[in-house]
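[1] one predicted model, sequence on top.
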Amino acid sequence: LTGPDGKPQRHPLNDLFRTPSMQRLAASGIRFSTFYANSVCSPSRTSLMTGQSSARHHTTQWIRPEGTNAGPFGPPDWQWKGITAKHRTLPALLHQAGYRTIHAGKAHFGPNDSYGELPDNFGFDLNIAGRAIGAPGSYFGTDHFGNKGKRKNRAVHGLEKYHGQDLFLTEALTIEMNAAIKQAVDDEKPFFAYMSYYGVHAPFQCNKLYAANYRDVDIPEKAKPFCTMIESMDASVGGILDQLETLGVAKDTLVFFLGDNGTDAPLGPIHEIACAAPLRGKKGTHYEGGMRVPFIASWARPDATHEVQKELRIPAGVLSTEMATIQDLFPTILAVTGQEFDGVVDGEDLSPLLQGSDPKRTPEFLMHFPHSHRSSYFTSYRLGDWKLVYHYHKPAGKRCELFHLTEDRTESRNLASKDPANRDRMIKAMAAALEKAGAQYPLDQEDKTKVLKPVTP
């Protein structure tokens, strides 16, 4: 994040987590301090695959592998099957354009026995260990990645060759992804490699390779395994970057690094300033810590004279405060690869922003969550410097939270009652955005035959 002077500002969590490979990637490219995803995973992953907001594609809750997960007052017909045959997905479009499409790791695009369960159903040529689960049964090869013990229903499949080995799941996935990339290069095929880490999702388990780095750190013991999982992921990023260099394709490879929801680090209360400090809240909440995620874009090896990079000149070491969202990746990747798409998308091509600025953009983000979770039955709406949180089941006087994020990034000052003009302006804009997207709404608590749309002034 930036400080009052507009320059990058370090915080204690920057010193806690060891991330040299992410820093390496950031130093060679551009990173965003205001990049949004949905506050839980499946909606974000569907947005990435389709370019649509959760309000439009209707996968508004995380997908339970065993079936629907609406909550007592959630819309019963929400898109709980996630990706379906009707969707035109990013990997399918890239496959049609001649790219080898590779998926490794967490999928969580659809429940068991559905079309969206397996990534190879909707456009990936190769699916490494992806299925309906969002959390692995275990990160340990000695546990057969969950195929032994009590969590077999969350077991990782497809990595049987590593069963019994003293190997962390992140390392096994990295070996497999690097092998798949090498095969694509050997076959002289352009590739789209989607490395989707199970880590750092719960269960928080310690990678002993990095345990010594946190033995004497003054944090709760339950947080130390999480730290090793962060370092494991970072080492994987470095390993993939090194592989691209070894294969001689680093100059031709564009890398995006991002998250699918806010942090869930086991540090502090869920709705307070803690594990995402200085932002408030964590994964599953309506606050910035639940929705704002890291985003870095860089050529794997920058070279301004390289013919491919002349089409997209990404500056090195830049921290952008411009707002962008996970649904922007769909049109951006299609634009960079020269593909056209005539379907409905909510995202915008970020190519101008990746090169420094885009004065024509009007930043907006709609995070719609008509379900129960850590924060329940709400819509968060960001427009310019302002953010509105609309709570459907709260009484009128407590229904809205309004924050001016430029002046109050910690979301400590609710201006809803003090600034009714901006509150009402934001409610109208949010309601219009929801209607345009064809959003589904939560049910009335007293009468489940009625839905609760925003009450506009």
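    Ah, there it is.
[2] enumerate the beta-bridge partners assigned to residue 168.
    Here residue 168 sits in beta bridges with residue 140, going by DSSP bridges.
[3] relative to residue 227, how far out is it?
    14 Å (CB to CB, to the nearest Å). C-beta: built from backbone N, CA, C; applies to glycine.
[4] for residue 344, which non-adjacent residue is closest in space?
    Beyond its immediate neighbours in the sequence, the residue positioned closest to residue 344 (CB to CB, 6 or more residues apart in numbering) is residue 52, lying 6.8 Å away.
[5] wait, the one you found touches residue 327, no?
    Yes - at 6.2 Å, residue 52 and residue 327 qualify as touching, with contact defined as CB atoms under 8 Å.
[6] between the two, which contacts overlap?
    345-347 (CB atoms under 8 Å, 6 or more residues apart in numbering).
[7] what's the closest residue to residue 17 other than its chain neighbours sitting at in phi/psi?
    Of all residues not flanking residue 17 in the chain, residue 230 sits nearest, at 4.8 Å (CB to CB, 6+ apart). Backbone geometry at residue 230, expressed as degrees, to the nearest 10, gives phi -60, psi -50.
[8] identify the residues contacting residue 230.
    Contact criterion CB under 8 Å, 6+ apart gives 17-19, 199-200 as the residues in contact with residue 230.
[9] what two of those are the furthest from one another?
    Across the contacts of residue 230, the longest distance by CB to CB is 14.2 Å; it joins 18 and 199.
[10] look at the two and report which has more neighbours.
    Set residue 18 next to residue 199 and count neighbours by other CB atoms under 10 Å: residue 199 wins out with 24 against 17.
[11] so what's the backbone phi/psi at the closest residue to the more buried one other than its chain neighbours?
    Once its chain neighbours are removed from consideration, residue 199 has its nearest residue in residue 229; the separation is 4.3 Å (CB to CB, 6+ apart). Taking degrees, to the nearest 10, you get phi -70, psi -40 for the backbone angles of residue 229.
[12] in terms of contact, does residue 229 touch residue 207 like I think?
    Yes - under the criterion of CB under 8 Å, residue 229 makes contact with residue 207 at 6.4 Å.
[13] what is in contact with the two at once?
    Counting by CB under 8 Å, 6+ apart, the residues touching both residue 229 and residue 207 are 139, 170.
[14] same for the one helix or strand residue 256 maps to, what does it pack against?
    Taking DSSP states H and E as the criterion, residue 256 maps to strand 254-258. On a contact count with 3 or more CB pairs under 8 Å, 6 or more residues apart in numbering; DSSP states H and E, strand 254-258 meets helix 20-28, strand 295-299, helix 329-336.
[15] between the last one and strand 295-299, how many degrees?
    When axes from the mean of the first three to the mean of the last three CA atoms, to 10 degrees is applied, the directions of helix 329-336 and strand 295-299 differ by 10 degrees.
[16] show me the contact partners of helix 329-336.
    By CB under 8 Å, 6+ apart, helix 329-336 touches 47-51, 90, 93-94, 192, 254, 256, 258, 311-312, 340-341, 345, 347-351, 354.
[17] from these, list the buried ones, please.
    Neighbour-count burial (16 or more other CB atoms under 10 Å) is assigned, among the contacts of helix 329-336, to 47-51, 90, 93-94, 192, 254, 256, 258, 312, 345, 347-351, 354.
[18] next step: those restricted to helices.
    Among the buried ones among the contacts of helix 329-336, the members falling in helices are 47-50, 90, 93-94, 351, 354 (criterion: DSSP state H).
[19] for residue 402, state which of those residues is nearest.
    Comparing every one of those with residue 402 (CB to CB), the shortest separation belongs to residue 47, at 24.9 Å.
[20] right, and the closest one touches residue 53 too?
    Yes - Residue 47 sits in contact with residue 53 when judged by CB under 8 Å, with a separation of 6.4 Å.
[21] between these two, which contacts overlap?
    Residues within reach of residue 47 and of residue 53 at once, by CB under 8 Å, 6+ apart, are 327, 346.
[22] in strands, which of the contacts of residue 230 fall?
    For the contacts of residue 230, not one is inside strands, with DSSP state E as the criterion.
[23] reformat those residues as JSON lines; add pLDDT and distance to residue 421.
    JSON lines is the format used below for the contacts of residue 230 (pLDDT from 0 to 100; distance: CB to CB, whole Å):
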{"residue": "17", "pLDDT": "96", "distance to residue 421": "41"}
{"residue": "18", "pLDDT": "96", "distance to residue 421": "47"}
{"residue": "19", "pLDDT": "97", "distance to residue 421": "43"}
{"residue": "199", "pLDDT": "95", "distance to residue 421": "45"}
{"residue": "200", "pLDDT": "96", "distance to residue 421": "41"}
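[24] got the residue ranges for the strands in this protein?
    When assigned using DSSP E, the strands of the chain occupy the ranges 30-36, 100-105, 126-128, 191-196, 254-258, 295-299, 318-325, 364-369, 378-383, 386-391, 400-404.
[25] what's the closest of those strands to residue 135?
    Checking the strands of the chain against residue 135 by CB to CB gives strand 100-105 as the closest, at 11.9 Å.
[26] work out the sheet partners of that closest one and label each with its direction, please.
    Each strand that strand 100-105 pairs with, and the sense of that pairing, follows from DSSP bridges: strand 126-128 (parallel), strand 191-196 (parallel).
[27] residue 217: which of those strands is closest?
    Short answer: strand 191-196, nearest of those by CB to CB, at 27.6 Å.
[28] any low-confidence regions in the chain?
    Across the chain, the stretches falling below the confidence threshold (pLDDT under 70) are 359.
[29] any idea how far residue 407 is from the residue nearest the centre of it?
    For the chain, residue 260 is the residue whose C-alpha lies nearest the centre (CA atoms, centre = their mean; 1.3 Å). Computed with CB to CB, the distance linking residue 260 and residue 407 is 29 Å.
[30] quick check: closest non-adjacent residue to residue 311.
    The spatially closest residue to residue 311, leaving aside those adjacent along the chain, is residue 336, at 7.8 Å (CB to CB, 6+ apart).
[31] doesn't residue 386 make contact with residue 430?
    No - using CB under 8 Å, residue 430 makes no contact with residue 386, being 10.5 Å away.
[32] between the two, which one's more packed in?
    Neighbours of residue 430 and residue 386, each counted by other CB under 10 Å, are more numerous for residue 430; the result is 24 against 19.
[33] who touches that one in this structure?
    Residue 430 sits in contact with 366, 379, 381, 388, 390, 454, where contact means CB under 8 Å, 6+ apart.
[34] could you measure residue 89 against residue 372, distance?
    29 Å.
[35] now stretch 286-304 - C-alpha only, PDB.
    Backbone C-alpha positions of stretch 286-304 (Å, rounded to 0.1, in the frame of the first residue of the first chain) are rendered in PDB as follows:
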ATOM      1  CA  HIS A 286     -17.400  -7.000   3.300                       C
ATOM      2  CA  TYR A 287     -14.400  -4.900   4.400                       C
ATOM      3  CA  GLU A 288     -11.300  -4.200   2.300                       C
ATOM      4  CA  GLY A 289      -9.300  -7.000   3.900                       C
ATOM      5  CA  GLY A 290     -11.800  -9.500   2.500                       C
ATOM      6  CA  MET A 291     -11.900  -8.100  -1.000                       C
ATOM      7  CA  ARG A 292      -8.600  -6.500  -1.800                       C
ATOM      8  CA  VAL A 293      -5.900  -8.900  -3.100                       C
ATOM      9  CA  PRO A 294      -2.400  -8.600  -4.500                       C
ATOM     10  CA  PHE A 295      -1.900  -8.200  -8.200                       C
ATOM     11  CA  ILE A 296       1.400  -8.100 -10.100                       C
ATOM     12  CA  ALA A 297       1.900  -8.100 -13.800                       C
ATOM     13  CA  SER A 298       5.400  -8.500 -15.400                       C
ATOM     14  CA  TRP A 299       7.100 -10.200 -18.300                       C
ATOM     15  CA  ALA A 300       9.000 -13.100 -16.900                       C
ATOM     16  CA  ARG A 301      12.200 -11.500 -18.200                       C
ATOM     17  CA  PRO A 302      11.600  -7.800 -19.200                       C
ATOM     18  CA  ASP A 303      13.400  -6.700 -22.400                       C
ATOM     19  CA  ALA A 304      12.100  -3.500 -24.000                       C
END
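[36] right, I'll call it a day here.
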